[in-house]
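In: Here's a sequence, model it:
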Amino acid sequence: MSRVTLNGGGSAVNPNASPSPHALGRKAESTFGCDVFSKRVMQQRLPKDVYRKLLATIEAGQRMEYEVADVVATAMKDWAVENGATHYTHWFQPLTGSTAEKHDSFLVPDNSGGALTEFTGSMLIQGEPDASSFPSGGIRATFEARGYTAWDATSPVFLSRGPNHVTLCIPTAFVSWTGEALDTKTPLLRSMDVLSEASLRVLRLFGRADGVSRVFATVGAEQEYFLVDRAMYLQRPDLVAARRTLIGARPPKHQQLDDHYFGSIPAKVLAYMADCERQLYRLGVPVQTRHNEVAPAQFELAAHYEVANVACDHQMTVMEILRTTAPLHGLECILHEKPFAGVNGSGKHLNWSLATDTGSNLLNPRDETHSNMEFLVFLCAVIQAVSMHAELLRASIASAGNDHRLGANEAPPAIISIFLGDMLMDIIDQIEAGQRKSTMKGGKLDLGAASMPHIPRHSGDRNRTSPFAFTGNKFEFRAVGSASTVAWPATVLNTIVAESLQDIADQLEAAFGSSPTDQKRQAAVGKVLQRVVKAHKQVLFNGDNYDDSWQHEAARRGLANHRTTVAALPALTTKSSLDLFKKAKVLSRTEVKSRSVIEYEKFALQVSIEARTLSDMVRTQVLPSALRHQAELSEAIASTEAADVDPGELRTLLEEHVALVGRCASLERSLTAAMAHASDDPRKHAEHAQTAIRPAMLELRTACDELEGRVAHDLWMLPRYRDLIQIT
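Out: Numbers count the residues shown, from 1 in each chain. Here you go, the predicted structure:
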């Protein structure tokens, strides 16, 4: 699928002060073509007054009138038809974790044997897909089918191209007939409004709100993924059904030498990457970085910063393009968090910041950070938010796939903590002590060669083991799963930070009084932030999160360590979480509880699919392969004995093999029995999947992997790891 917005569909703000997204968009459009109903296209095709009103909706969130929508719809339809489109669709993101669309034709009969094209403002603004088969968590019964899609004018409309079709795609929200959100976009947009309101309130306290009408959460997502030869992929039922290998022994060489990381990109992969990037550029998706990741056959693509809802839409498009383009190159793209046991898995790093509509990044420390009151307030608000709602943040990235990755030596542990770096940690210590006096300087590095320049040295290192790290002028939430949407963790982050900002603003307003002086502001900020730091510094950790000692230290500090999805999900429906979302008007109690039910259901269903697939593979592939090997080994022993030669160790090998085959068959029966005791209650079903089905799967896998190491290569029916993780 194709997608949008580099050349200005939304108010894209770049916290890294890179070239304007509008300038980037114009260059990309001239080089690659454009499948976006962009601001440039709007300006060319719309009357000036309509264009101004549409911009007011896009940039200031003003509600659109239907008269304006009619004019926009006609221009949009004409543009789409001129580019070959015959259909349009409301493109939305239900709670399945993927996107959905229903296509309708522009063509209507003219009652004279011909046809006309029709697309009105009401058709643009609202659609009515059947909502009965989408997850609702009990909000709607199956027979209650009505749902609505509503145009998100802040996210650009785009064209989806295929071999023989072009479709106009309109990003929308998706809600029930009752008005309750059935998607990821609706709460995200609500959370962005709440965060903007809270941020503006803080800026007004410092006299910095002049000319600023909105504050945006900005997001830049990094996407890790694996590539597998498609022919081999199709020979692996587990990869096809579960997107991960349910059995498979580690090869002698995988990633031990660290020679794949940032290595030369294989020509076949580079051709695939370039194809994906070309499609994404046409759609305005600002992809910026590509490289080899740590594991063999693992790669990464990263996008530039955009306003949160546009970035989240673009992230869904990135995943779609990665998946659909791979077969054209004889490959399959695997986005699962842990496709190969014992080999590094894949994550999705959610880079998050705050920026005004005037282009100021509110998380930029600037020089003399210790005296930058505004930055310190926003920084401490994030610290307080993460400390108070760490378990909710953990729940926001919980999934069956991510359970296999979190806590291994490739991903942050399930303990949510914040890394600030040396410079900011030193300032935090100064705040706690009640005296902000200085800012650490990084200096320069002399590389020791006359021909090499002295390079600037940052005042703090990076920490790739932290789940939530400050990285210069943003926070990087590193624990998000590679197959997940970033919209839900972004929604949670926006909401908890908004709550924290409002709380700090309450305290500052009380301390400032009616006519604050600069000196009074400084003193009040110092006292309020000192209280915040003392209450929440336990969430700050600059050390090695992979080290076992951190587990003990975190427990001593009272930090939660929910290692599994089943352990993490209860945080969604605690009183504090329900009150948080209700007060912010991001999600009602019913909407939150429905999401909890859906997440339990998704977890249980995913584990059930994996268990059934594993059971089938063992019965139809693993055991037949092992029995053929057993027969050949038996024949070899019999022929050796017939020649009056002692088979020696061959008999021991056969006995061990027969015992292992029997154990494998027995464990498969145990797994089947475990699957038979599932509950109709989603939470109990998920708990059973975690405590009974998953351990049975692991035991069976261990036996299968041992068998794989014994069975002759020509008899083993499945491609092995050494074949799957090699791309040539």
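In: how near is the residue sitting furthest away from the middle of the chain to Leu650?
Out: Distance from the centre of the chain peaks at Asp644, with 65.1 Å (Cα atoms, centre = their mean). From Asp644 across to Leu650, the span is 15 Å (Cβ to Cβ, to the nearest Å). Glycine gets a C-beta too; all of them are placed from N, C-alpha and C.
In: and if you look at Thr57?
Out: Per Cβ to Cβ, Thr57 is found 78 Å from Leu650.
In: Is Gln551 in a helix, a strand, or coil?
Out: Here Gln551 takes the helix state, with states given by DSSP: H, G, I helix; E, B strand; the rest coil.
In: That one touches Ile415, doesn't it?
Out: Yes. Gln551 is in contact with Ile415 according to Cβ atoms under 8 Å; the separation is 7.3 Å.
In: which of the two has more neighbours?
Out: More crowded of Gln551 and Ile415, by other Cβ atoms under 10 Å: Ile415, with 26 against 17.
In: which SS state does that one fall under?
Out: Going by three-state DSSP: Ile415 is coil.
In: What pLDDT does the model give it?
Out: pLDDT for Ile415: 94.
In: now swap in Phe477 and tell me
Out: Confidence at Phe477, expressed as pLDDT, is 96.
In: hmm, which helix or strand of the protein has the shakiest average pLDDT?
Out: Least confident helix or strand of the chain, by mean pLDDT, DSSP states H and E, is helix 21-32 with a mean of 45.
In: per-residue confidence averaged over stretch 57-66?
Out: 83.
In: typed the wrong thing, it's stretch 430-438
Out: Averaging pLDDT along stretch 430-438 yields 88.
In: buried sites along that stretch?
Out: Buried residues in stretch 430-438, defined by neighbour count with 16 or more other Cβ atoms under 10 Å: 430-431, 436.
In: Report the beta-bridge partner residues of Glu224.
Out: On the basis of DSSP bridges, Glu224 is bridged to Glu300.
In: doesn't Glu300 make contact with it?
Out: Yes. Glu224 is within contact range of Glu300, at 4.9 Å (criterion: Cβ under 8 Å).
In: where in the protein is pLDDT low?
Out: Residues of the chain that meet the criterion pLDDT under 70 lie in 1-32, 256-257, 407-411, 442-443, 446, 454-462.
In: Quick check, central residue of it?
Out: Closest-to-mean residue, the chain, Cα atoms, centre = their mean: Val486 / 3.7 Å.
In: Can you tell me how far that residue is from Phe375?
Out: Taking Cβ to Cβ, one finds Val486 at 25 Å from Phe375.
In: Repeat that for Ala659.
Out: According to Cβ to Cβ, Ala659 and Phe375 sit 65 Å apart.
In: cool, and Leu195?
Out: Going from Leu195 to Phe375 by Cβ to Cβ gives 17 Å.
In: out of these two, which sits in the more crowded spot?
Out: Leu195 (26 against 20).
In: Would you agree the more buried one is in contact with Ala217?
Out: Yes. Shown here, Leu195 and Ala217 form a contact pair, counting by Cβ under 8 Å, at 5.6 Å.
In: Find residues that contact each of the two.
Out: Counting by Cβ atoms under 8 Å, 6 or more residues apart in numbering, the residues touching both Leu195 and Ala217 are 354, 494.
In: so how many other residues sit close to His349?
Out: 22.
In: I misspoke; the intended subject was Ala153.
Out: A count of nearby residues for Ala153, using other Cβ under 10 Å, gives 24.
In: for the one 10 residues further on, same thing?
Out: Neighbourhood size, Pro163 [other Cβ under 10 Å]: 4.
In: For the stretch 301-450 of the chain, just list every one of the helices.
Out: Assigned by DSSP state H, counting those that start in this stretch, the helices in the stretch 301-450 of the chain fall at 308-325, 373-388, 390-396, 400-403, 422-433.
In: shouldn't Ile609 be in contact with Arg243?
Out: No. Contact criterion Cβ under 8 Å: Ile609 and Arg243 do not qualify, at 10.0 Å.
In: Those two: which is more packed in?
Out: The residue with more neighbours, out of Ile609 and Arg243, is Arg243; 21 against 13, by other Cβ under 10 Å.
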